[in-house]
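Participant: Here is a sequence together with a model predicted from it:
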Amino acid sequence: MTLTQPVLDLQLPRVARVDAALTQARSYPHLRYMGSKYRLLPALADTFAQLGGETALDPFTGSGVVSYLLKAQGFHVTSRDYLNFPVTLARASCVNQTTMLTEEDVARISSGENRDGRDFISRTYGGLYFTSGDLAFLDSAWSQIATMEGAQQDLAIASLVLAAARKQPRGVFTVTGLRYDDGRESLHLPLAEQFRRCVEAWNSSVFDGPACQAERGDVKSAEGNWDLVYLDPPYAPPRDDNDYIKRYWFLEGLSDYWQDGTAEIMETTRTKKLAKRATAFGSKRTIGDALAATLDQFSDSSIVLSYGSNAVPDLDTLTGLITDVKGSRPEVITLRHRYHFGTHASATRREAEEYILVAP
């Protein structure tokens with residue numbers, strides 16, 4: 001495979017540079033993820049290009065696609081998340097500049113040979129999500145991945161995470177069984193084959209660009225100075241919650257083999273999920289103060305904030321918070337956005353507006 005070359009040419013007009021970055025961003029593997037910004041990339045790319053700068057912080061990395069876009073636009077990106085698996089995806093795609101998994105690597109991981117006899121996944125999740133063969137594959141694959149290091153290991157884990165997400169209906173782990181089976185091939189493809197395809201996808205995304213870094217931690221502990229800060233915090237709904245662990249705990253556990261089998265499992269739950277991790281962005285009662293503190297923390301940087309019209313707080317409150325910090329009202333870009341709550345043709349769709357608030 002030929003390594004993709006850097007996409008940014010500063011001699012090109014801004015529109016051409018944006019188009020080049022978006023072309024690169026389309027190679028990023030698609031992960032079904034709550035609040036993902038794949039569809040908003042054109043508007044974000046144009047905004048980032050207009051603001052300019054050399055360094056950027058993405059402290060709510062999520063699927064990793066915006067960090068990847070920023071790298072494609074020539075920014076030295078620091079990706080950050082309080083969950084482990086988004087940071088792993090960012091290391092595989094942004095921090096990693098040239099490393100790809102070889103056919104020999106894939107064959108070894110997919111061989112089914114369990115080097116150390118580990119069986120935590122098979123023992124814990126038998127009969128809940130995947131077939132016994134798929135669960136055994138995850139155990140044996142990790143026995144091989146544990147011997148790897150650096151970008152190689154990051155790519156292998158990212159491929160395993162993507163494979164599990166694509167094999168699970170709706171990509172979330174809130175229900176067991178195939179209740180939401182819509183007939184897609186990916187739901188029935190053995191995980192070993194799914195993994196091979198995901199390796200191809202991640203390998204294809206690797207390109208040599210600006211030096212980037214990825215670190216785990218909440219936004220409050222982010223230290224440094226950045227020209228641009230992109231904020232995409234969890235949107236606090238008027239009802240229910242936005243708990244990412246509740247939906248993606250299996251991917252989180254898989255990213256570090258449930259902390260080598262020592263992670264605390266909620267044994268009394270049907271899904272045997274990981275415990276919820278509290279965040280001030282998770283409740284409509286606390287998110288206002290959390291947003292205000294975050295905006296103040298990055299007041300010296302250009303700020304781009306994404307938020308949804310179907311969440312708390314409302315647009316007037318958001319603009320007021322930014323005005324208080326920056327001294328002037330932000331530009332507001334409003335985009336129609338459709339949120340998907342299923343995979344089948346008749347699944348419920350909800351129209352909303354996505355706000356991009358820009359404060360140089």
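Facilitator: On my side now, so go ahead. Numbering: from 1, shown residues only.

Participant: Contacts only, for the residue lying closest to Arg166 once chain neighbours are set aside.
Facilitator: Computed as Cβ to Cβ, 6 or more residues apart in numbering, the closest residue to Arg166 that is not its neighbour in sequence is Ser186, at 4.5 Å. No exception for glycine: its C-beta is placed from N, CA and C like everyone else's. With contact taken as Cβ atoms under 8 Å, 6 or more residues apart in numbering, Ser186 is in contact with Arg166, Lys167, Gln194.

Participant: Return the distance of Ser186 relative to Leu254.
Facilitator: To Leu254, Ser186 is 17 Å away according to Cβ to Cβ, to the nearest Å.

Participant: on that earlier part again, tell me if I am right that the residue nearest to Arg166 is in a helix.
Facilitator: Yes - secondary structure assignment places Ser186 in a helix (DSSP: H, G, I helix; E, B strand; the rest coil).

Participant: Any regions of this protein where pLDDT drops low?
Facilitator: 1-12, 177-180, 182-183, 337-351 (pLDDT under 70).

Participant: which residues of it fall in helices?
Facilitator: Chain-ordered helices for the chain, with DSSP state H as the definition, fall at 14-25, 41-51, 65-72, 84-90, 103-110, 120-125, 132-145, 150-167, 191-205, 244-255, 257-261, 287-297, 315-326.

Participant: Who are the contact partners of the closest residue to Phe195 other than its chain neighbours?
Facilitator: The shortest distance from Phe195 to any residue other than its chain neighbours is 4.4 Å, reached at Ala163 (Cβ to Cβ, 6+ apart). Residues counted as contacts of Ala163 (Cβ under 8 Å, 6+ apart) are Leu191, Gln194, Phe195, Arg197, Cys198.

Participant: again with Leu254
Facilitator: Neighbours of Leu254 in contact, by Cβ under 8 Å, 6+ apart: Phe85, Ile121, Leu138, Ile157, Leu160, Val161, Ala164.

Participant: quick check, nearest of the contacts of Ala163 to Lys326?
Facilitator: Ranking the contacts of Ala163 by separation from Lys326, with Cβ to Cβ as the measure, puts Cys198 on top at 41.1 Å.

Participant: Hmm, Ala165 and the closest one touching each other?
Facilitator: No - distance between Cys198 and Ala165: 9.1 Å, which falls outside the contact criterion (Cβ atoms under 8 Å).

Participant: Number of residues surrounding Ser299?
Facilitator: The burial metric for Ser299, expressed as a neighbour count using other Cβ atoms under 10 Å, is 14.

Participant: That one against Gly327, yeah?
Facilitator: No - Ser299 is beyond contact range of Gly327, at 9.2 Å (criterion: Cβ under 8 Å).

Participant: returning to that earlier point: how much space between the residue nearest to Arg166 and Ser111?
Facilitator: Noted for Ser186: a distance of 22 Å to Ser111, by Cβ to Cβ.

Participant: Now for the residue nearest to Asp296 when sequence neighbours are not counted: which residues touch it?
Facilitator: Beyond its immediate neighbours in the sequence, the residue positioned closest to Asp296 (Cβ to Cβ, 6+ apart) is Val325, lying 5.4 Å away. By Cβ under 8 Å, 6+ apart, the residues touching Val325 are Ala292, Leu295, Asp296, Ser299, Ala359.
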